[in-house]
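Student: Kindly generate the corresponding structure for this input.
(4 chains)
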Protein chains: 2
Amino acid sequence: MGERALPDVIYEDVRARIVSGAMEPGQPVRQDTLAAELGVSKIPLREALARLERDGLVVSHRNRGFEVRGLSAEEAEEVFDLRLKIEPAAAALASRRASPEDRASAGRALDALDEALQAGGPDVSDRNRDFHLALVRPSGRELTTQLVERLHTLAERYVQAHLEPQGRTARARAEHHDLFDAWSAGRPHSVETLVRSHISGALEDLRRQLR
Amino acid sequence: MGERALPDVIYEDVRARIVSGAMEPGQPVRQDTLAAELGVSKIPLREALARLERDGLVVSHRNRGFEVRGLSAEEAEEVFDLRLKIEPAAAALASRRASPEDRASAGRALDALDEALQAGGPDVSDRNRDFHLALVRPSGRELTTQLVERLHTLAERYVQAHLEPQGRTARARAEHHDLFDAWSAGRPHSVETLVRSHISGALEDLRRQLR
DNA sequence: CTTCGAAAGATCGTATACGATTTCGATCCG
DNA sequence: CGGATCGAAATCGTATACGATCTTTCGAAG
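Tutor: Residues are numbered from 1 along each chain as shown, chains lettered A, B, ... in the order given. Okay, the predicted model is just below:
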């Protein structure tokens, strides 16, 4: 029936709840309750939770189930530090290898992100992830792409929790377009610099909020 | 009864089979068979497999289950590239922050690794992982430590598949001791350099084997 | 009033069972 | 002989059920 596997759907649903803050840090995950709410049994839910634990979004305690992972300034630094080590080079490599379809696809992802930013809906997060991944995936490096996705998700928790969209969207849009232009034109060095400053900028904003 | 959670035990068991090559690249994972062999049901096995998929050790196909992930020269380059971006700095940071107990613990891990290398048993892999993680964990960076562990495991597959222990163990032991000395003395710059060259050396060996 | 302990309730973790899907093999048709 | 078709067997994925563990409650003892 459904095109996508059940644990995939559940995984994305719960992940979105955690990133948005609908499920709060430290909050225990009641498996029967959540499974009932999603209309499934605990089996596929637990598989999704096992993945989320791997992603660093939940933690499990023996015989006490899962809870939403906490946030800390230290971890924020860690996540952005890892992103800075990986994403700039990955995006630069991808810009070298991207095919015309890849560029068109990234362009569409940028458009979708712009629309979402203008609409201000709840799927800005997803469109943002899609765009950033579209800049990395053409590298052909699967593991790196998966890693970038996870780090982006971890970072997004801090952005959602501590940063207001106000004012940031305008700068973000400009940065996205500059970045896309350089990426699409195959200027890897510019891409590397722009990705780095894009990530650093978000980290600076966060540091201000976290004192 | 058992101290460790069932999915954990299964996860480590299956991971060891994949890393050692006992379960070969491309080989489908028969859940009923494997679960019976382990004396458990499919439920905890599938949770373990969900984790292994996240680690990049198996892949799943909708309604067709899991299979052991393939190996490729490209992925080997990718894995070692990621390790080079992350491990040297992580170990250097850890060497700055390590407590006396951390240093003692790392020393014990090194001793255990030496013993395993001398004995030549099948748990060289585990002791090797333990030692390298003992050099990173004191950084206090959980996500980075987890990442290093996964990358080390991915890399180990290539080492097991393509490199002979012969000759390498002597050099490895020397490198481990130099590295531990620098790390234990809190010389982060040396640590960074030594970790980098340790990883690069393994990559060079691999490249020779992979043509 | 506090502390301890036991019983009840809540929650977890997994074995079992079964429907759904895929794979395999034999037969039929072109 | 090659390819399609259909039924049987194998395999997957998950809902249900239940034992195990943890948490809470409540009463008794100090």
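
Student: Now the residue located most distally from the centre of chain A, what are its backbone angles?
Tutor: No residue in chain A sits farther from the centre than residue A:63, which is 29.9 Å out by CA atoms, centre = their mean. Reported as degrees, to the nearest 10, the phi and psi values for residue A:63 are phi 60, psi 10.

Student: try residue A:67
Tutor: Dihedral angles (degrees, to the nearest 10) for residue A:67: phi -140, psi 160.

Student: My understanding was that it contacts residue A:52; is that so?
Tutor: No. Counting by CB atoms under 8 Å, residue A:52 is not a contact partner of residue A:67; they are 11.0 Å apart. C-beta coordinates here come from the backbone N, C-alpha and C atoms, glycine included.

Student: Quick check: next helix or strand after the helix or strand hosting residue A:143?
Tutor: Here residue A:143, judged by DSSP states H and E, is contained in helix A:142-162. Next in sequence after helix A:142-162, counting helices and strands by DSSP H and E, comes helix A:168-184.

Student: Could you list every helix and strand in contact with that next one?
Tutor: helix A:73-97, helix A:100-119, helix A:188-209 (3 or more CB pairs under 8 Å, 6 or more residues apart in numbering or on different chains; DSSP states H and E).

Student: Repeat the analysis, applying 7 Å as the threshold.
Tutor: Where contact means 3 or more CB pairs under 7 Å, 6 or more residues apart in numbering or on different chains; DSSP states H and E, helix A:168-184 is packed against helix A:100-119, helix A:188-209.

Student: can you pull the buried residues of that helix?
Tutor: Across helix A:168-184, burial judged by 16 or more other CB atoms under 10 Å in any protein chain shown covers A:172, A:175-176, A:179-180, A:182-184.

Student: can you list the residues of chain A near chain B?
Tutor: For chain A, the residues in contact with chain B (CB under 7 Å from any CB of the partner chain) are A:5, A:43, A:46-47, A:50-51, A:54, A:56, A:62, A:75, A:78-79, A:82, A:85-86, A:141, A:143-144.

Student: Restricted to buried residues, select these in ChimeraX.
Tutor: Remark: buried members of the residues of chain A next to chain B, expressed as a ChimeraX selection using 16+ other CB under 10 Å:
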select /A:46,47,50,51,54,56,75,78,79,82,85,86,141,143,144
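
Student: Quick check: which of the residues of chain A next to chain B are also close to DNA strand D?
Tutor: A:5, A:43, A:47, A:62 (CB under 7 Å from any atom of the strand).

Student: Of those, which belong to helices?
Tutor: Counting by DSSP state H, these place A:43, A:47 in helices.

Student: Next, format the ones next to DNA strand D among the residues of chain A next to chain B as JSON lines and append distance to DNA strand C.
Tutor: Shown next, in JSON lines, are those (distance: CB to the nearest atom of the strand, whole Å):
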{"residue": "A:5", "distance to DNA strand C": "11"}
{"residue": "A:43", "distance to DNA strand C": "6"}
{"residue": "A:47", "distance to DNA strand C": "10"}
{"residue": "A:62", "distance to DNA strand C": "6"}
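
Student: Which member of the ones next to DNA strand D among the residues of chain A next to chain B is positioned nearest residue A:102?
Tutor: residue A:5 (26.0 Å; CB to CB).

Student: looking at it, that closest one is touching residue B:65, isn't it?
Tutor: No. Taking CB atoms under 7 Å as the definition, residue A:5 is not a contact partner of residue B:65, at 11.1 Å.

Student: circling back to that earlier point, what about the residue nearest to the residue farthest from the centre of chain A when sequence neighbours are not counted, distance to DNA strand D?
Tutor: Distances taken as CB to CB, 6 or more residues apart in numbering or on different chains put residue B:5 closest to residue A:63, at 7.9 Å, once the chain neighbours are dropped. Look at residue B:5 and DNA strand D: by CB to the nearest atom of the strand, to the nearest Å, they are 10 Å apart.

Student: Now residue B:5. Its backbone dihedrals?
Tutor: According to degrees, to the nearest 10, residue B:5 has phi -70, psi 140.
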